[in-house]
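Q: Got a predicted structure here, sequence first:
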Amino acid sequence: MMLALPLALQQLGFQLMGTVDAAWLGRYDDTALAAAGVGNNLLFAITSIGLGLVMGLDTVIPQAIGAGRYPEARRYLHAGLRLAVLVGLGCTLLVMATPLVLRITDIPEEVASDARVYVYLRALGVVPFLLSVALRSYLAAHNVTRPLIIAVVLGNIANAGLDYVLIFGVEAIGLPPLGVIGAALATVSVQIVIVWVYLASVRALDPDGAVGPLNPGDKSPLPTSTRADLADILKYGGPVAGQLFAEVGIFGVATVIAAHMGTLPAAGHTIALNLSSFTFSVTVGIGAATSVRVGKAIGAGDYALARRRGVMGLVVGLGVMAVFAAMFVIAPSLLANIFTDDPVVIAAAVPLLMIAALFQLSDGAQAIAAGALRGLGDTRATLVGNLIGHYAIGLPISLALGFSAGMGARGLWLGLSAGLTVTAIYLVFRFLAGTRIRSESPR
């Protein structure tokens, strides 16, 4: 819990930025809200590839530290930063091309137009975002969480202020309302500042070289990463990239389908998705902490401890998500009102939030189990689980219920719920199976 709470708060803070963007845009214009939803899904469908590759650090750095190989951990960070820049530039170019997808859909032109502008501007933040992920992995593995919290708290304050000023404009100084352009500029600006805060924190932690906590005065020369270090990161990060692309991609597909159903279903879908993503982000933080703790245990060769830590992460996460599920059931209209005061849009979002309440537990379980599997080093399982759950099970159900059964957005979300549940069951089983034999064997 000492590590899980700060990482959960940090992840929650990142999600809060997107939620505040959506909340302001919902009060600015329903079309802008729908466009930002479409744009975010296009953006993260591509960015998730780079994110997954860099998240290979969540396996190699904790395992190196658990084994006491601190110079190796430092080399992995160096390789991860190089990877973040190289992959980030490639992802940026791909993100800039994603609005082409909108030309083959029946999304209303006013939504598509705003979504294109939003994506072009947000693409500028891809490299800073991936750099922050690499730096976060190194800091978390060293149990350094204060700068993560400070950066995200100050970032949220700055983002909220910039959002208000840029989205609605300031007539007194001649600044016109910028709508989705303002929301995108605010988020990218904050992303750039956050990465500098993280970088300064890493330098303060280890200014001259790789430092082991057992002997903080003993500093080795600053190690430079090798191709082998990069290959290790990609070995574990490759499947995670596929998993995240599959997971983000299915919600991206769902957003495009919702937009195809009309502006109102798209706006309701965007509200429900933002709230679900907000709660999900807490378990992503818990999953990151679980990955660090499991990875350190694996590095030390203690599989029994790794199993206990993974199970503890699941218990904590399920407890948190049960609370969120209750909130969705008790006060769906109040939650939807955060994003808009239009009663018609709220009415469209409420049924989706009720369905979202159904999959809170499975959504949290799969996120934490994925983190535990990253620590274990079994990242292929996360890819397989997501392909089976979301595409073999969830997507066919979404299409059948949404269109054939005429349930619209409600059918779409029931399919998403089914996919998440199957994914969670698979990933939890794989983690338990991966630690069972070793945890029961004498050391």
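A: Yep, that arrived.
Q: if we look at the helix or strand that contains residue 60, which residues are touching it?
A: In this assignment (DSSP states H and E), residue 60 forms part of helix 57-66. With contacts defined as C-beta atoms under 8 Å, 6 or more residues apart in numbering, helix 57-66 is touched by 70, 72-73, 76-77, 80, 133-134, 137-138, 141-142, 229, 232-233, 236-237, 240, 288, 291-300, 371, 374-375, 377, 379. Glycine gets a C-beta too; all of them are placed from N, C-alpha and C.
Q: Setting aside sequence neighbours, what's the nearest residue to residue 381?
A: residue 430 (4.1 Å; C-beta to C-beta, 6 or more residues apart in numbering).
Q: Roughly how far does the one you found sit from residue 317?
A: Per C-beta to C-beta, to the nearest Å, residue 430 is found 17 Å from residue 317.
Q: Could you do residue 61 as well?
A: In terms of C-beta to C-beta, residue 61 sits 22 Å off from residue 317.
Q: do residue 325 as well
A: Taking C-beta to C-beta, one finds residue 325 at 12 Å from residue 317.
Q: out of the two, which sits in the more crowded spot?
A: Here residue 325 and residue 317 are compared on neighbour count by other C-beta atoms under 10 Å; more neighbours surround residue 317, at 29 against 19.
Q: Does that one touch residue 366 like I think?
A: No: counting by C-beta atoms under 8 Å, residue 317 sits too far from residue 366 to count as a contact (9.9 Å).
Q: Quickly find the element holding residue 150.
A: Here residue 150 is assigned to helix 146-168, by DSSP H and E.
Q: What lies in contact with that helix?
A: Here helix 146-168 has contacts from 6-7, 9-10, 13-14, 16-17, 20-21, 24-25, 28, 136, 139-140, 175, 177-179, 181-183, 185-187, 189-190, 193-194, 197-198, 200-201, using C-beta under 8 Å, 6+ apart.
Q: May I see the ChimeraX selection of the buried members of those?
A: A single ChimeraX command selects the buried members of those (16 or more other C-beta atoms under 10 Å):
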select :6,7,9,10,13,14,16,17,20,21,24,25,28,136,139,140,178,179,181,182,183,185,186,187,189,190,194,197,198,201
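Q: picking up where we left off before, check which element follows the helix holding residue 60 along the chain.
A: Immediately after helix 57-66, counting by DSSP H and E, sits helix 70-97.
Q: how far off helix 57-66 does that following helix point, in degrees?
A: 170 degrees (axes from the mean of the first three to the mean of the last three C-alpha atoms, to 10 degrees).
Q: From the contact counts, what lies against helix 70-97?
A: Helix 70-97 sits against helix 30-54, helix 57-66, helix 109-122, helix 126-141, helix 227-261, with contacts defined as 3 or more C-beta pairs under 8 Å, 6 or more residues apart in numbering; DSSP states H and E.
Q: So for that helix, mean pLDDT?
A: Taken as a whole, helix 70-97 has a mean pLDDT of 92.
Q: Stretch 50-66 now?
A: 93.
Q: measure it end to end?
A: End-to-end distance for stretch 50-66: 26 Å, by C-alpha to C-alpha, to the nearest Å.
Q: Which residue is the nearest non-sequential neighbour of residue 329?
A: residue 357 (4.9 Å).
Q: Cross-check the contact I'm expecting between the one you found and residue 325.
A: Yes: between residue 357 and residue 325 there is a contact under C-beta under 8 Å: 4.5 Å.
Q: got any residues that touch both of the two?
A: Counting by C-beta under 8 Å, 6+ apart, nothing touches both residue 357 and residue 325.
Q: quick one, the longest helix seen in the chain and helix 146-168 angle?
A: Looking across the chain with DSSP state H, the single longest helix is helix 263-299. On the basis of the same axes, to 10 degrees, helix 263-299 is oriented at 170 degrees to helix 146-168.
Q: How far does helix 263-299 sit from its chain's centre?
A: 6 Å (C-alpha atoms, centre = their mean, to the nearest Å).
Q: Counting neighbours, show which residues of that helix come out buried.
A: Buried, per 16+ other C-beta under 10 Å, within helix 263-299: 263-299.
Q: C-terminal to that helix, which secondary structure element comes first?
A: helix 303-330.
Q: That next one: how far from the chain's middle?
A: Relative to its parent chain, helix 303-330 has a centroid offset of 17 Å by C-alpha atoms, centre = their mean.
Q: now do stretch 301-311
A: Worked out by C-alpha atoms, centre = their mean, stretch 301-311 lies 25 Å from the chain centre.
Q: for stretch 141-156, same thing?
A: 16 Å.
Q: Could you give the average pLDDT over that stretch?
A: For stretch 141-156, the mean confidence score works out to 87.
Q: returning to that earlier point: okay, the angle between the longest helix of the chain and helix 30-54?
A: Computed by the same axes, to 10 degrees, the angle between helix 263-299 and helix 30-54 is 20 degrees.
Q: what is the rounded mean pLDDT of helix 263-299?
A: 87.
Q: from here on, count from 865
A: Sounds good: first residue 865 from here, last item helix 1127-1163.
Q: Report the angle between that helix and helix 1091-1125.
A: Using the same axes, to 10 degrees, helix 1127-1163 lies at 160 degrees relative to helix 1091-1125.
Q: which other residues reach stretch 1092-1109?
A: In contact with stretch 1092-1109 (C-beta under 8 Å, 6+ apart) are residues 909, 912-924, 936, 939-940, 942-944, 946-947, 1234, 1238, 1241, 1243-1244, 1246-1247, 1249-1250.
Q: picking that back up, and the helices and strands packed on helix 934-961: which comes nearest residue 1266?
A: helix 1091-1125 (6.7 Å; C-beta to C-beta).
Q: which among the contacts of stretch 1092-1109 end up buried?
A: Buried among those by 16+ other C-beta under 10 Å: 909, 912-924, 936, 939-940, 942-944, 947, 1234, 1238, 1241, 1243-1244, 1246-1247, 1249-1250.
Q: Show the low-confidence segments of the stretch 1065-1214 of the chain, by residue range.
A: Along the stretch 1065-1214 of the chain, the model assigns pLDDT under 70 to residues 1070-1087.
Q: what's near enough to touch the closest residue in space to residue 1138 that isn't next to it in sequence?
A: Using C-beta to C-beta, 6+ apart and skipping the chain neighbours, the partner closest in space to residue 1138 is residue 886 (4.8 Å). Neighbour list for residue 886: 897, 900-901, 1134-1135, 1138, 1203 [criterion: C-beta under 8 Å, 6+ apart].
Q: ok so residue 886 is a helix residue?
A: Yes: membership of residue 886 in a helix is supported by DSSP: H, G, I helix; E, B strand; the rest coil.
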